[in-house]
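> Pasted the sequence and its predicted model underneath.
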Amino acid sequence: MASSEKQLSSQIADLTTVINAAACDANRWTDVAVAMQSFIPGSKILFQVVEKESTVVHQVVYSGFNDKTIQAYGDHYWKLNPWTSGTNEMHMSSFKSSSELYPDKLLRKTEFFTDLVDPERECDGATALKFAAHSDRYAILAVHHDFRHHEQIHARSRALLQTVVPALRTALELNRLTNPTFHLPGGRGLIDQLVDAAMVVDQDCRLLASNVPANRVLTDARVLLVKAKDTVEIKDSEANAAFARLVRDSCAVFQDRARPNDLIVNTRSGGYIITCVPMAIEQTSALPAGLLSIFAPRTVSLVIVRPRASQDASIVVGDLRRHFGLTTAEVGLILEFGRGGTLSEIADRLRVSRSTVQSHLKSIFAKTGTSKQRDVVTLVTSRAATGRQFSVDD
């Protein structure tokens, strides 16, 4: 074996040893970056987790770069990185040069180059390796160097790194399996502390855990019940479709998104407010620890079911009178609408004539901008609650 081949073989063995150490301790990926830099003279090493269409930058692991450069990258310039679109399209375990990711002539005209890359010095060329992926995230190793020595360093980088790609990928997977985790098996611990009925469901409404009050609600089965495959459902089909959408939206975590409105389910015996809150489980406690950020936490929905207190009639009356300019008689008629019945039955309960009820109703329509008795009831209930309402026979 030639001397150069022996040296490369020895360096690969030494690098693999460092990678194996990082497999058992996620905080030692910096050691891997330092080792790679020493084996590839004239290089600067950067590991980064990239998330497609991400609104945040994940922590990077690096060696050779100025700390201020990395800070500026994390604060702003990662959003301007012209190489990212190219790495998005790379195949797994493939290598690409920086000029393949983005034309060098165009790069030098960008703010990213003039304000970040050029002042750092000797990092305008790079060899990129895409070596791991999980969901919509992937891990990139970039060997940066002076573009004037690109061919030589690109060839050396590939020769050294090609043989350690499996070790890099295995190390990341071992990080996930061996590092301490913030783990709530099915959400236990949290939901057991809640006084309200609470359960944890996945995006398909499969029940993962429930506390004692929730067990009583599910056993009672007047509103919520557990069906085949442990799926939680609401008895009414329209309400259940809305509940399924609410859970899916809750599990789909996006930056700066509005929390979905509550559902309100009314029965003859009382009403319930159903709230869904996203909750991350199996979250690695070491995050953000560089490459471990490739593993997105599993998101489930914490479903809280609370009895809906009946609103004080005086509050409803006052609100209606102030907002719509209704008379006391007109408000009283609206409250009777909520109890149901024909106009004749309502007139009997109010002890007035049917024509008087019709006259009040005509005035109510004009003042509230409605045209049907049902619309008036909907308008009133919507002012008393912020969630979408459904009625379920119990």
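That came through, no problem. Residues are numbered from 1 along each chain as shown.
> For stretch 304-314, what does the pLDDT average out to?
Stretch 304-314 comes out with an average pLDDT of 67.
> Next: stretch 361-368.
On average, stretch 361-368 scores 87.
> Just the buried residues of that stretch, please?
By neighbour count on 16 or more other CB atoms under 10 Å, the buried set for stretch 361-368 is 361, 363-364, 368. Every C-beta, even on glycine, is put in place using the N, C-alpha and C of the backbone.
> Could you pick out which of those residues are located in helices?
Among these, DSSP state H puts 361, 363-364, 368 in helices.
> is it possible to export the buried residues of stretch 361-368 to a markdown table including distance to residue 207?
Converted to a markdown table, the buried residues of stretch 361-368 look like this (distance: CB to CB, whole Å):
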| residue | distance to residue 207 |
| --- | --- |
| 361 | 46 |
| 363 | 50 |
| 364 | 44 |
| 368 | 42 |
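> What is the nearest of these to residue 67?
For the buried residues of stretch 361-368, the closest approach to residue 67 (CB to CB) belongs to residue 368, at 63.5 Å.
> That closest one - nearest residue in space that isn't next to it in sequence?
Leaving aside its sequence neighbours, residue 368 sits nearest to residue 324 (CB to CB, 6 or more residues apart in numbering; 5.4 Å).
> For the one you found, give its distance to residue 376.
Counting by CB to CB, to the nearest Å, the gap from residue 324 to residue 376 is 10 Å.
> shared neighbours, the two?
residue 368 (CB atoms under 8 Å, 6 or more residues apart in numbering).
> Identify all contacting residues around the helix or strand containing residue 225.
If you go by DSSP states H and E, residue 225 is part of strand 224-226. By CB under 8 Å, 6+ apart, the residues outside strand 224-226 that reach it are 207, 217-218, 232-235, 305.
> ok, the residue lying closest to residue 160 once chain neighbours are set aside - contacts?
Once flanking residues are discounted, residue 160 sits nearest to residue 39: 5.9 Å by CB to CB, 6+ apart. Going by CB under 8 Å, 6+ apart, residue 39 touches 11, 14-15, 160.
> Grab the two from those residues that are most spread out in space.
14 and 160 (10.6 Å).
> Quick one: classify residue 203 as helix, strand or coil.
Assigned by DSSP: H, G, I helix; E, B strand; the rest coil, the conformation of residue 203 is coil.
> In terms of packing, which of residue 14 and residue 160 has more residues around it?
residue 160 (17 against 13; other CB atoms under 10 Å).
> element containing the more buried one, please.
helix 150-161.
> elements contacting that helix?
In terms of contacts (3 or more CB pairs under 8 Å, 6 or more residues apart in numbering; DSSP states H and E), helix 150-161 is packed against helix 3-24, helix 29-39, strand 95-97, strand 125-134, strand 137-145.
> Now the element after that helix, going C-ward?
helix 165-178.
> what is the mean pLDDT for that following helix?
Per-residue scores along helix 165-178 average to 84.
> Can you give me the buried ones in it?
165, 167-169, 171-172, 175.
> Brilliant, that's me finished.
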